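Asks: sequence and predicted structure are below.
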Amino acid sequence: MIPSRTAALERALCYFDSGAFRDDLARRVAYRTESQEPAQAPSLRAYLGDEVAPSAARLGFHCTIVENDAHGPMLIGERHEDPSLPTLLTYGHGDVVRGYDRQWRMPLVPWSLTIEGDRWYGRGTADNKGQHSIVLGALASAIEARGGRLGYNVKLLVETGEEVGSPGLHEVCRLHRDELRSDVLIASDGPRISAGRPTIFLGSRGCVNFLLSLRLRDGAHHSGNWGGLLANPATILAHALAGMIGPRGTIEVDALRSPPLPDAVRRALAGVRIGGDEGDPDIDRTWGEPGLSPSERVFGANTLEVLAFKAGNPDNPVNAIPPSATAHCQLRFVVGTDWRNLARHVRLHLAARGLEAIDVEVLQASAATRLSPDDPWVRFAVASLERTTGKLVAVLPNLGGTLPNDAFADILGLPTIWIPHSYPGCSQHAPGEHLLGSVAREGLLMMAGLFWDFGDGEAARLSSGRPGGAR
């Protein structure tokens, strides 16, 4: 077969249509890699050592298992052709959330791939085993179509703790910076904007989970005997929340409001429509920051949410004034937000309203990242995907959710391109998680075309103009 882009696409189609992709994914889903369960630590290691490393080795990667004191191990692989060539870094995670085995409807089982029409059920099919299987399969197609060479170098990083916050990932990137040195990150995770529209996102919103709590006394007291005499912490905390989030979902803490929307971001989001797939909820058009489109609210702005509120015994209320109240809150934020000082900003906001007794505790925080939609790497990737699919690609400046993208964008200093192969209705993290076979097939085509195009000279031109690249 003469080396050609068409040959790469044909090999990707053959990999899917022959059932080889299904077999690879079924084998990977069978590993019970629940990172929240300490008893599954051997499965995390086995997934890297017995599954990913041999699969990558067949593609010419030399792989090393890196120990991680903070959580499960990681795998670093390198496929080296020539130091003068550009280098691509790709990433995936082998861990999954808990299976919740008993909550899946019969005959579905989280650790067995079950295909019903276009839906491929199993834990990890969408997040993230199916997605990094697409990347590996597409790389294989491009390698085979070029007769064993790509025309560039590839590095691979697979972790086993993404579902618990990627503990240790940032430190591994710092310690192994030289081994991971590359020109660009191209990886797959998260959902497309919709099942039928190819999507690229360029970073992720950051996230701060924090706790508001107020304890006024040690025990509950009868509401008939003490009502009107004892301050109710639930009432006080409800007023605090109402002062932070308006009745239509607007952020009322000045320092946590969204920074101005860059023109490049506004242009990229102009044609992006949210929702419309089967099972998607109806959008509340009057909710959220005014003056923004739905896509701008999710991908270009900050949101402040109350995730849980507790006082007394919600499952069995009694006639008593509770002694304490707590609220779990979350700020999703874009680049330019002063998120590191969130606790101080919230305390000042509450104190100005006489609510300084409420305690603010940050539980977890992740940074926001965003590559400009005008970046040349973005134009290259979009052109490749549109050439393959004939479809208009949605370009999101960042994912609405959060990924550990700052490890690559900030620590390794890379432009970051994410090409997802899931969709919003995939039941990610829930019973019934599934991958769409049609999206996986198209994903293999897109990635095979992109990995072919990467070796056609444009990537070398882009990487040569970037300071601090791999070469």
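Replies: Received, thanks.

Asks: quick check, residue 452 in a strand?
Replies: No: counting by DSSP: H, G, I helix; E, B strand; the rest coil, residue 452 is not part of a strand but helix.

Asks: how close does it sit to residue 142?
Replies: 5 Å (CB to CB, to the nearest Å). Just so you know, the C-beta spots here come from the backbone N, C-alpha and C atoms, and that holds for glycine as well.

Asks: residue 456 contacts residue 152, correct?
Replies: No: between residue 456 and residue 152 there is no contact under CB atoms under 8 Å: 9.8 Å.

Asks: looking at the two, which is more packed in?
Replies: Using other CB atoms under 10 Å, the more surrounded residue of residue 456 and residue 152 is residue 152, with 23 against 12.

Asks: what's the neighbour count on residue 255?
Replies: Count around residue 255 with other CB under 10 Å applied: 15.

Asks: I meant residue 299, not that one.
Replies: 29.

Asks: with residue 218 instead?
Replies: Neighbours of residue 218 using other CB under 10 Å come to 7.

Asks: show me the shaky parts of the stretch 1-150 of the chain.
Replies: By pLDDT under 70, the low-scoring segments of the stretch 1-150 of the chain are 1.

Asks: now do the strands in the stretch 1-150 of the chain.
Replies: Counting by DSSP state E, counting those that start in this stretch, the stretch 1-150 of the chain has strands at residues 62-66, 74-79, 87-93, 114-116, 119-121.

Asks: what about the spatially most central residue of the chain, which helix or strand?
Replies: Centroid-nearest residue in the chain, with CA atoms, centre = their mean: residue 403, separated by 3.9 Å. Under the criterion DSSP states H and E, no helix or strand holds residue 403.

Asks: and residue 174, which helix or strand is it part of?
Replies: Per DSSP H and E: helix 169-175 holds residue 174.

Asks: quick check: buried residues in the helix or strand just after that helix?
Replies: Going down the chain from helix 169-175, the next helix or strand is helix 177-180, by DSSP H and E. Across helix 177-180, burial judged by 16 or more other CB atoms under 10 Å covers 179, 180.

Asks: what about helix 177-180, distance to the chain center?
Replies: In terms of CA atoms, centre = their mean, to the nearest Å, the gap separating the centre of helix 177-180 from the centre of its chain is 23 Å.

Asks: what helices or strands is it leaning on?
Replies: Under the contact definition 3 or more CB pairs under 8 Å, 6 or more residues apart in numbering; DSSP states H and E, helix 177-180 sits against strand 74-79, strand 153-159.

Asks: adding mean neighbour count and distance to residue 443, write the ones you listed out as a markdown table.
Replies: Converted to a markdown table, the helices and strands packed on helix 177-180 look like this (neighbours: other CB atoms under 10 Å; distance: least, CB to CB, whole Å):
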| stretch | mean neighbour count | distance to residue 443 |
| --- | --- | --- |
| strand 74-79 | 22 | 21 |
| strand 153-159 | 25 | 18 |
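
Asks: using a markdown table, lay out the ones you listed together with distance to residue 43.
Replies: Output for the helices and strands packed on helix 177-180, formatted as a markdown table (distance: least, CB to CB, whole Å):
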| stretch | distance to residue 43 |
| --- | --- |
| strand 74-79 | 14 |
| strand 153-159 | 14 |
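
Asks: nearest to residue 213, of those strands?
Replies: strand 153-159 (32.6 Å; CB to CB).

Asks: what angle do that closest one and strand 87-93 make?
Replies: 20 degrees (axes from the mean of the first three to the mean of the last three CA atoms, to 10 degrees).

Asks: tell me which residues of the one helix or strand residue 234 maps to come out buried.
Replies: Using DSSP H and E, residue 234 maps to helix 233-244. By 16+ other CB under 10 Å, the buried positions in helix 233-244 come out as 233, 234, 236, 237, 238, 240, 241, 244.

Asks: what's the answer for stretch 104-116, then?
Replies: Buried, per 16+ other CB under 10 Å, within stretch 104-116: 104, 108, 109, 110, 111, 113, 114.

Asks: now do stretch 32-49
Replies: 32, 33, 34, 35, 40, 41, 43, 44, 45, 46, 47, 48.

Asks: got it, and stretch 255-271?
Replies: Buried, per 16+ other CB under 10 Å, within stretch 255-271: 256, 258, 261, 262, 264, 265, 266, 268, 269.

Asks: from the residues you listed, which ones fall inside helices?
Replies: 264, 265, 266, 268, 269 (DSSP state H).

Asks: and the residue nearest to the last one when sequence neighbours are not counted, what does it touch?
Replies: Right, residue 269. Leaving aside its sequence neighbours, residue 269 sits nearest to residue 295 (CB to CB, 6 or more residues apart in numbering; 4.5 Å). Residue 295 makes contact with 269, 272, 273, 274, according to CB atoms under 8 Å, 6 or more residues apart in numbering.

Asks: pLDDT at residue 295, what is it?
Replies: Looking at residue 295, its pLDDT reads 95.

Asks: show me the domain layout of this protein.
Replies: Split into domains by automatic domain parsing, the chain comes to 5-204+368-464, 206-270+286-366.

Asks: ok, and which of those has the densest surroundings?
Replies: domain 5-204+368-464 (a mean of 20; mean count of other CB atoms under 10 Å).

Asks: now do that one: distance from first to last residue.
Replies: Using CA to CA, to the nearest Å, one end of domain 5-204+368-464 lies 23 Å from the other.

Asks: what's the spacing between that domain and its chain's center?
Replies: The chain centre lies 11 Å from the centre of domain 5-204+368-464; the measure is CA atoms, centre = their mean.

Asks: and residue 340, its phi and psi?
Replies: phi -70, psi -20 (degrees, to the nearest 10).

Asks: quick check: it vs residue 436, distance?
Replies: 39 Å.

Asks: kindly report the same for residue 295.
Replies: 22 Å.

Asks: now do residue 454
Replies: Residue 454 is 26 Å from residue 436, by CB to CB.

Asks: picking that back up, pull the CA atoms of the helix or strand containing the residue nearest to residue 269 into CSV?
Replies: Element membership for residue 295 (DSSP H and E) is helix 294-299. Only the C-alpha atoms of helix 294-299 are listed here, as CSV (Å, rounded to 0.1, in the frame of the first residue of the first chain):
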residue,chain,number,x,y,z
PRO,A,294,-25.7,29.8,27.0
SER,A,295,-22.3,28.7,25.5
GLU,A,296,-20.6,31.8,26.9
ARG,A,297,-22.1,31.1,30.4
VAL,A,298,-20.6,27.6,30.4
PHE,A,299,-17.3,28.1,28.6
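
Asks: would residue 315 count as being in a helix?
Replies: No: secondary structure assignment places residue 315 outside any helix; it is coil (three-state DSSP).

Asks: could you pull up phi and psi at it?
Replies: phi -80, psi -20.

Asks: ok, the one 5 residues further on next?
Replies: As for residue 320, its main-chain torsions (degrees, to the nearest 10) stand at phi -150, psi 150.

Asks: quick check, pLDDT for the nearest residue to residue 127 once chain neighbours are set aside.
Replies: Distance criterion CB to CB, 6+ apart; nearest residue to residue 127, sequence neighbours excluded, is residue 428 at 4.8 Å. Looking at residue 428, its pLDDT is 93.
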